[in-house]
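Visitor: Need coordinates for the following:
(2 chains)
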Amino acid sequence: MKSATLKYSSQSVSKMYFIAAIGLFVGQIVFGITLGLQYLIGDLFFPAIPFNIARMVHTNLLIVWLLMGFMGSAYYLIPEEAETELYSPLFAKVLFWIYLAAGAATILGYLLVPYATLAQMTGNDFLATMGREFLEQPLPTKVGIVLVALGFLFNISMTVLKGRKTAISLVLLTGLWGLALMFLFSFVNPDNLVRDKLYWWFVVHLWVEGTWELILGALLAFVLIKTTGVDREVIDKWLYLIVTMALITGILGTGHHFFFIGLPGYWHWVGSVFGALEPIPFFMMTLFAFNMVQRRKREHPNQAAVLWAVGTAVMGFLGAGLWGFLHTLSPINYYTHGTQITAAHGHLAFYGAYVLVVIAMISYAMPILRGREANPRRAQAYEMWSFWIMTIGMAVMVLALTGAGILQVWLQRMPTEGAMGFMATQDQLRFFYWVRVGGGVMFLCGLLVYLASFFIGPAADEDEVPALVGGRLQRA
Amino acid sequence: MSRGFTSQMARNIFYGGTMFFVLLFAVLIFDTETRIPARSNVAELTPAVVRGKHLWETRNCIGCHTLLGEGAYFAPELGNVYQRRGPDFIKIWIKAQPTHAPGRRQMPQFNFSEAQLEDLVQFLKWTNGINTEKWPPNIEG
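Guide: Model prediction:
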């Protein structure tokens, strides 16, 4: 183990963000398994934790921890790319605690206060924004998110302005500013449900199939540049082409959500055509990752980070690309819209693209934040095992949900006469739902192995002699 | 990639391409906005419907149900429930919750007043009338 020090000491603020992100991730998965069980044991935890509350906690925790991971990643990446200390490390720390406290208060609010009361207490009658999928947060939380995001963006933008401007940091900044900008549509809630849904997608779609892809591309490019040593010029070109394709396909690709919610018929064509093109940037990311690893100019000691990065590219393509393509065409979506097929795609896409890229970034940065270039070999082996256990667990879940979705479409959607009702169909899907819970438990096991990797020391035969670094004698 | 193709060119394609598609999207959204009133029978969007939507949101119905196919997949689609079940059934059903049938999925009791139930029904009736391009494929939603 070679010891390593941070290039810029202010990068260390990212550590608290990463630790909190992983903690919230564990909470998300625990609630996920609860939901999986509630699909089978309908009255489990009722009325203490009804399904809708558990689901809200599950999805909101996902969003909170991914944003936590993005912010931590940016605080780590931006000083190094800009070659200057962070504009204000103190501000980054203050914002962390505000964000964590607001997130925790919101989750506790969901769990402890009836949702209608929570809405009344938090000014929802003054400006109604709650009760829409993924945007369930009370008004003060939404305002808080905007303020924290603005503070964060100010901090990293000022850092880039006073330092070197690289393609990676510019793409990352564009993505993060876009993320904050699109979130403002969460305050738009017209009385007309059709218009409500239209602008709701401005947040949801233009996050995950738009601005977030820029963040994903930038983080992936950063980890690849660091671990492969490939020329920046080459990586920059790939990055720009990937994010160009992401937005060219993703912006009009929003139309694949507009087929059946009351919007004009031309969206069938726009959404089908551009939706079908949306896998292209993800495919390019896969080519990019393999290409860079093949052309690597160094053997980085942190091979776990390389695995997470390549895993991001492959699983992102499968989840966001392939599983998205499965039901993006309007004539197919006519039958699959709002079935378990959507759930299958949602899980694999979020895991493959966004969970994995944040972990890739943590995997690369965390050892350095802890004073070494890479983790001991044994700890890396734990990480790699956790990658495979989580990924296979997720694959089991997604295949089970896809099976459930196909059967659901067959029984409930396809017949024009005498179709099976919703609840009767659900009873037919129980086998798939049990398999899904199995996959979820496996995923949790993988996550626990991942947690364990942080506490694994070097093996007895591993080099523990003091290493000479930068002219100083340091204990590895 | 060929040597003549620089990262500056790639960057310009990114900015140019993005701007073009943002503008095109904005034009389509603008046109869509002008068509929504007719497609959603805006004349029938009464205060009762708006109150019903508010109840729908503040009880987090979307956390279990889908509405026009969007939401959670735990409980039945409600975009066409007005047509499937009718107004009286909807009210009786909501009032009868939870069923407490062992092992079955449970819906909370929201203690709605008669006026609130009527608002919800009005919201679901109006929603049922939205032009959804003939979705869902059949009455079961």
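Visitor: Poorly predicted segments of chain B, please.
Guide: Across chain B, the stretches falling below the confidence threshold (pLDDT under 70) are B:1-3.
Visitor: Walk me through the domains of it.
Guide: Taking automatic domain parsing as the domain assignment, the ranges for chain B are B:1-39, B:41-141.
Visitor: Same list (the ones you listed) but as a markdown table, adding distance to chain A and mean neighbour count.
Guide: Placement of C-beta: from N, CA and C, glycine included. Rendered in a markdown table, the data for the domains of chain B read as follows (distance: least, CB to the nearest CB, whole Å; neighbours: other CB atoms under 10 Å in any protein chain shown):
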| stretch | distance to chain A | mean neighbour count |
| --- | --- | --- |
| domain B:1-39 | 4 | 14 |
| domain B:41-141 | 3 | 18 |
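Visitor: would you turn these into CSV with distance to A:Ala105?
Guide: Supplementary listing: the domains of chain B in CSV, determined by distance: least, CB to CB, whole Å:
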stretch, distance to A:Ala105
domain B:1-39, 35
domain B:41-141, 18
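Visitor: Tell me which of those domains approaches A:Lys197 most closely.
Guide: In this view, the domains of chain B are compared for proximity to A:Lys197 by CB to CB, and domain B:41-141 is the closest at 6.8 Å.
Visitor: just how off-centre is the closest one within its chain?
Guide: Mean C-alpha position of domain B:41-141 versus that of the full chain (CA atoms, centre = their mean, to the nearest Å) differs by 10 Å.
Visitor: Check which helices and strands the lengthiest helix in chain B is in contact with.
Guide: Looking only at chain B and at elements set by DSSP state H, the helix with the highest residue count is helix B:7-39. Counting contacts by 3 or more CB pairs under 8 Å, 6 or more residues apart in numbering or on different chains; DSSP states H and E, helix B:7-39 packs against helix A:167-183, helix A:193-206, helix A:232-253, helix A:266-277.
Visitor: what is the rounded mean pLDDT of the first one?
Guide: For helix A:167-183, the per-residue pLDDT values average out at 98.
Visitor: Run the contact check for that helix versus chain B.
Guide: Yes - contact between helix A:167-183 and chain B is present through A:167, A:170 (criterion: CB under 8 Å from any CB of the partner chain).
Visitor: Show me what that helix is packed against.
Guide: For helix A:167-183, the contact count by 3+ CB pairs under 8 Å, 6+ apart identifies helix A:51-82, helix A:139-162, helix A:193-206, helix A:212-228, helix A:232-253, helix B:7-39 as packing neighbours.
Visitor: and the fourth one, what does it pack onto?
Guide: Here helix A:212-228 is seen to pack against helix A:51-82, helix A:167-183, helix A:232-253, helix A:279-294, helix A:303-316, helix A:356-369 when contacts are counted using 3+ CB pairs under 8 Å, 6+ apart.
Visitor: Chain B: helices as residue ranges?
Guide: Assigned by DSSP H, the helices in chain B fall at B:7-39, B:47-58, B:81-85, B:87-96, B:114-128.
Visitor: Adding distance to A:Tyr87 as columns, could you present those in a markdown table?
Guide: Rendered in a markdown table, the data for these read as follows (distance: least, CB to CB, whole Å):
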| stretch | distance to A:Tyr87 |
| --- | --- |
| helix B:7-39 | 24 |
| helix B:47-58 | 39 |
| helix B:81-85 | 53 |
| helix B:87-96 | 54 |
| helix B:114-128 | 48 |
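Visitor: now the residue nearest the centre of chain B: how far from A:Ala54?
Guide: When chain B is reduced to its mean C-alpha position, the closest residue under CA atoms, centre = their mean turns out to be B:Leu67, at 4.3 Å. B:Leu67 sits 20 Å away from A:Ala54, taking CB to CB, to the nearest Å as the criterion.
Visitor: Go through stretch A:42-58 and flag the buried ones.
Guide: When burial is assessed from 16 or more other CB atoms under 10 Å in any protein chain shown, stretch A:42-58 yields the following buried residues: A:42-44, A:46, A:49-58.
Visitor: for the nearest residue to A:Met442 once chain neighbours are set aside, helix, strand, or coil?
Guide: Leaving aside its sequence neighbours, A:Met442 sits nearest to A:Gly393 (CB to CB, 6 or more residues apart in numbering or on different chains; 3.3 Å). Classification of A:Gly393 by DSSP: H, G, I helix; E, B strand; the rest coil places it in helix.
Visitor: Let me see the contact set for A:Leu241.
Guide: In this structure, A:Leu241 makes contact with A:284, B:10, B:13-14, judged by CB atoms under 8 Å, 6 or more residues apart in numbering or on different chains.
Visitor: One more pass at 7 Å, please.
Guide: Remark: with contacts taken as CB atoms under 7 Å, 6 or more residues apart in numbering or on different chains, A:Leu241 is in contact with A:284, B:10.
Visitor: Repeat that for A:Leu139.
Guide: The neighbourhood of A:Leu139, defined by CB under 7 Å, 6+ apart, consists of A:122-124, A:127, A:129.
Visitor: could you pick out which of those residues are near chain B?
Guide: With CB under 7 Å from any CB of the partner chain as the criterion, the subset of the contacts of A:Leu139 in contact with chain B comprises A:Asn124.
Visitor: which one of the contacts of A:Leu139 sits closest to A:His337?
Guide: The closest of the contacts of A:Leu139, once distances to A:His337 are taken by CB to CB, is A:Thr129, at 24.9 Å.
Visitor: Run a quick neighbour tally on that closest one.
Guide: Neighbouring residues of A:Thr129 were enumerated by other CB atoms under 10 Å in any protein chain shown; the total is 23.
Visitor: related to what we said a few turns ago, could the buried residues of stretch A:42-58 be laid out in TSV, adding distance to A:Ala101?
Guide: Conversion of the buried residues of stretch A:42-58 to TSV gives the following (distance: CB to CB, whole Å):
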residue	distance to A:Ala101
A:Gly42	35
A:Asp43	34
A:Leu44	30
A:Phe46	30
A:Ile49	22
A:Pro50	26
A:Phe51	27
A:Asn52	24
A:Ile53	21
A:Ala54	22
A:Arg55	23
A:Met56	19
A:Val57	17
A:His58	21
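Visitor: Surely A:Val26 touches A:Leu447?
Guide: Yes - A:Val26 is within contact range of A:Leu447, at 6.4 Å (criterion: CB atoms under 7 Å).
Visitor: who touches A:Thr84 in this structure?
Guide: When contacts are counted by CB under 7 Å, 6+ apart, A:Thr84 touches A:159, A:162-163.
Visitor: Pull out the buried residues from these.
Guide: The neighbour-count criterion (16+ other CB under 10 Å) marks A:159, A:163 among these as buried.
Visitor: That concludes my questions; thank you for your assistance.
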